[in-house]
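Chemist: this one's sequence-less:
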């Protein structure tokens, strides 16, 4: 219940259905469509107004800061990304009225307390492979500047470090270092999405890396970089900390 | 019976109801007669016999059902006679053995013929119906069994024959006629006799012989000599067969010689120090090479061996040639060496290797390999052509011109980076056209046509545009002078070439300050031209022009100076000043500094062309240097050429620049290829795209897979393509 944020009744049902196995219960629970709880439109309106910016009909940086402190979440916490994803927010650091209200509705919350309670659930969504991929790919469009096609390198690195802290990809630090040393340009959408595939399918020792695997050029260069600098030797990921 | 009075009644003749008793001794008696006759025949006493009587006797025997007795009698008596003959033959000593055998064989054949004639009725009736061996064949079989296969004769016969052949191989004369007869005898006895009793052993012994001989030869002969010897032995064996062996043996014995003398020693011969294949190639030993080719083509893997050694040698020498620093200093020399090498090998393949296509192909692939090892090959080939078209082809006949151009085209075909060649060719052609320094317009055009045939219209359309511009400019000048004839009487003569921007190699255009006389004239031209061609823009390319100046020096020396436009601007300044500093010149002319430095260097620092004097006299141009007219300037010639717009081998930075431009030009070509392919295929996987794109661009350059990948990603960025959602290796065309 703490993790999924669901009611006692639903939790009991899920556990019973899976024969009291905890993992099975989670699987069963998540594969069901979420019951839509009733949300009060007026309450949502009030909530929006609480955070809305003084001059524009949007929630801007200040409002977001307030929101974060209300739900007791650091504004750099990855759960904010998940929340933005639920809202289908177009850009980071701002929510339109529609995005805010729509997002909270789809989560089935209309108060700060309910939103706070939903936080564990949102964190758990990151553990789901399919959802993580969606969130990851969403992050590209959300984090980039409006009107730009590509994502600025610094922002991309920040996002990657955030995301791969969740997903645990051992090569993420090398990747970021490589980009800063060699690439120094914005990241294309294709490269962004292909990187996740790379992290998921190719093992950190690169033993199953296929040169003809249609990986983006940047990733090929990254592999070369790893081999050149002796980070991957004979299929072994040497301990970076030992060298430095 | 007389039946005239009796009643008419049919009568039949009935067979005897009892057995006809023939004289029991009849068969014996008849046989004895025949037996005696056979003996007489074998004793050369046939003349006293009556053929008709003997025939009748044989006939009767068969008729009276004594065929079996006759037949077995024949076998028996013939066998006896043959055994006697065998004894005689065995008794013969030494050389007479074969002669005796031959004689007896002839005797037997004659006898057999007569006997067969006598027994012809049996041969035709009794023998077939009783499935017995016919007389003639019987006679041969009996000969075989009793004479040839007799223990004392069989081995001796074989040994004698082989001994004689051995003698002949070591140079002795033998009785070939006798050999022929004996061998023919064996052949007549049946191919299995020939093979088992002679041929099989002949081949074995020959193999041993040639194995030993080839071993001796190879130790003491060089490759050329060895091949001569092998060829001779081969021819000998062929002759031997035609003179006294069965023609079917030819292939078998030649195979033996080929195997023992050639195949076994193939590699050793080819790689022999100082005389092997490589040496023959280097020294153009056509005869030896031809011999090697003819001999080796007879053995399995013979020609591939020659071809492989030739290929690796060629690649090695080629590689050395293109990486030899000395040779690379002179591009024309470099290309000439390539052409010489090609000529050499063409001749070898023609004269020695009978124009074998597989060798041609090996030659082509080797050239393609090493020419492309040097990335400057395209540039150098263009420089070679440039030299030829500027002066090398002067006075050469039209035919020879074509020959040289065709050879150049051949080298061109080997290039992988044809687009690099195109870039350089364009630059060099531009310089030739603008400086008016081409030996033959026809030769230029001829080469363009050849390039068009090879590479298609797009390759040459711009080049042709350049020629058109030159022609059009001539017409424009005529029009200009016709229109302004009166005004221009005293002005300097202006010759303008109007170049269409797209067709000519791009140059950044920085105009400098022209002397007043020139700028006025140029303005007149500009207004004339734009008057007839509204909507166009003209920009003066002062870095590409030339000028002829008449100069009078301090001591009255008169010279005509042929200089570049920049040089002209500098020199004209000295009409109104005796001394000018670098800075002053720079300010007045506004020529970019690196060009200005080069310009001043060519005017002041080159012996024999120093129309200016510089203080200080150093080689380099310093900011504070001062320049004067060199009143002491002398030259043997009235006309002095100082400006050079001649094509030269590029310096490093220039080379980098050109290479960069080529790479830039390739990007859109790669993208166009990708789009073309994806448009028709709709969906295609990564490896196949790379392969198809490479194939499409092959005729211009070798596309780099990494670069293709980058272009694909760029197209994805621009929403021309997308990755398939389930298979990331698949690309999809977005309409």
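Modeler: Received, thanks. Here the structure is a predicted model, which means the values were calculated and not measured. Numbers count the residues shown, from 1 in each chain, chains lettered A, B, ... in the order given.
Chemist: Residue 194: neighbour count?
Modeler: Answering for chain A, as no chain was given. Residues contacting residue A:194 under the criterion other CB atoms under 10 Å in any protein chain shown number 20. From N, CA and C alone the C-beta is placed, and that goes for glycine too.
Chemist: other chain: chain B
Modeler: 22.
Chemist: One more: residue A:148?
Modeler: 9.
Chemist: May I ask you to confirm that it is in contact with residue A:189?
Modeler: No - Residue A:148 lies out of contact with residue A:189 (CB atoms under 8 Å); the separation is 10.8 Å.
Chemist: Helices of chain A, residue ranges please.
Modeler: Using DSSP state H, the helices of chain A run over A:8-17, A:22-31, A:41-51, A:61-70, A:78-87, A:97-107, A:112-125, A:129-143, A:153-167, A:172-178, A:189-201, A:217-228, A:240-243.
Chemist: Please list the residues of chain B that sit near chain A.
Modeler: B:685-687, B:706, B:709-710, B:713, B:716-717, B:723, B:728-729 (CB under 8 Å from any CB of the partner chain).
Chemist: And the residues you listed, which two are furthest apart?
Modeler: B:687 and B:717 (21.4 Å; CB to CB).
Chemist: Contact partners for residue 164?
Modeler: Defaulting to chain A. Contacts of residue A:164 were listed using CB atoms under 8 Å, 6 or more residues apart in numbering or on different chains, and they are A:172, A:199.
Chemist: that's the wrong chain, I meant chain B
Modeler: Applying CB under 8 Å, 6+ apart, the residues contacting residue B:164 are B:174-175, B:179.
Chemist: For the stretch 601-735 of chain B, which segments count as strands?
Modeler: B:612-615, B:626-629, B:639-641, B:683-685, B:721-723, B:730-733 (DSSP state E, counting those that start in this stretch).
Chemist: what pairs with the second one, and is each one parallel or antiparallel?
Modeler: Which is strand B:626-629. Strand B:626-629 has its sheet partners listed here by DSSP bridges as strand B:579-581 (antiparallel), strand B:612-615 (antiparallel).
Chemist: quick revisit: narrow the contacts of residue B:164 to those in helices?
Modeler: Among the contacts of residue B:164, the residues falling in helices (DSSP H) are residue B:179.
Chemist: a markdown table for the contacts of residue B:164, including distance to residue B:80 and neighbour count?
Modeler: Converted to a markdown table, the contacts of residue B:164 look like this (distance: CB to CB, whole Å; neighbours: other CB atoms under 10 Å in any protein chain shown):
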| residue | distance to residue B:80 | neighbour count |
| --- | --- | --- |
| B:174 | 34 | 14 |
| B:175 | 31 | 15 |
| B:179 | 30 | 21 |
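Chemist: So which of the contacts of residue B:164 is the closest to chain A?
Modeler: Comparing the contacts of residue B:164 against chain A with CB to the nearest CB places residue B:179 closest, at 70.4 Å.
Chemist: how about low-confidence regions in the chain?
Modeler: Just so you know, I chose chain A. For chain A, the stretches with pLDDT under 70 are A:1-37, A:233-244.
Chemist: actually it's chain B I care about, not the one you picked
Modeler: In chain B, residues with pLDDT under 70: B:1-9, B:16-24, B:508-509, B:643-648.
Chemist: Could you identify the longest helix within it?
Modeler: helix B:652-681.
Chemist: Can you get me a residue count around the residue lying closest to residue B:363 once chain neighbours are set aside?
Modeler: The shortest distance from residue B:363 to any non-neighbouring residue, by CB to CB, 6 or more residues apart in numbering or on different chains, is to residue B:345 (5.3 Å). Using other CB under 10 Å, residue B:345 is surrounded by 20 other residues.
Chemist: how near is residue B:345 to chain A?
Modeler: Noted for residue B:345: a distance of 38 Å to chain A, by CB to the nearest CB, to the nearest Å.
Chemist: again with residue B:515
Modeler: Separation of residue B:515 from chain A (CB to the nearest CB): 49 Å.
Chemist: Could you report the neighbour count for that residue?
Modeler: Around residue B:515 there are 20 residues (other CB under 10 Å).
Chemist: helix, strand or coil for residue B:563?
Modeler: Following DSSP: H, G, I helix; E, B strand; the rest coil, the label given to residue B:563 is strand.
Chemist: Show me where the stretch 1-150 of chain B has its helices.
Modeler: Using DSSP state H, counting those that start in this stretch, the helices of the stretch 1-150 of chain B run over residues B:25-42, B:51-63, B:67-91, B:96-118, B:120-124, B:126-129, B:135-143.
Chemist: export these to a markdown table and tack on mean neighbour count?
Modeler: Output for those, formatted as a markdown table (neighbours: other CB atoms under 10 Å in any protein chain shown):
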| stretch | mean neighbour count |
| --- | --- |
| helix B:25-42 | 17 |
| helix B:51-63 | 18 |
| helix B:67-91 | 17 |
| helix B:96-118 | 18 |
| helix B:120-124 | 18 |
| helix B:126-129 | 15 |
| helix B:135-143 | 19 |
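Chemist: Please identify which of those is closest to residue A:82.
Modeler: helix B:135-143 (106.7 Å).
Chemist: Show me what the closest one is packed against.
Modeler: Packed against helix B:135-143, as judged by 3 or more CB pairs under 8 Å, 6 or more residues apart in numbering or on different chains; DSSP states H and E, are the following elements: helix B:67-91, helix B:96-118.
Chemist: picking that back up, check the strands paired with strand B:626-629 for me and report the most buried one.
Modeler: strand B:612-615 (a mean of 18; mean count of other CB atoms under 10 Å in any protein chain shown).
Chemist: one step back: can you tell me how far the residue nearest to residue B:363 is from residue B:630?
Modeler: Residue B:345 is 54 Å from residue B:630, where distance means CB to CB, to the nearest Å.
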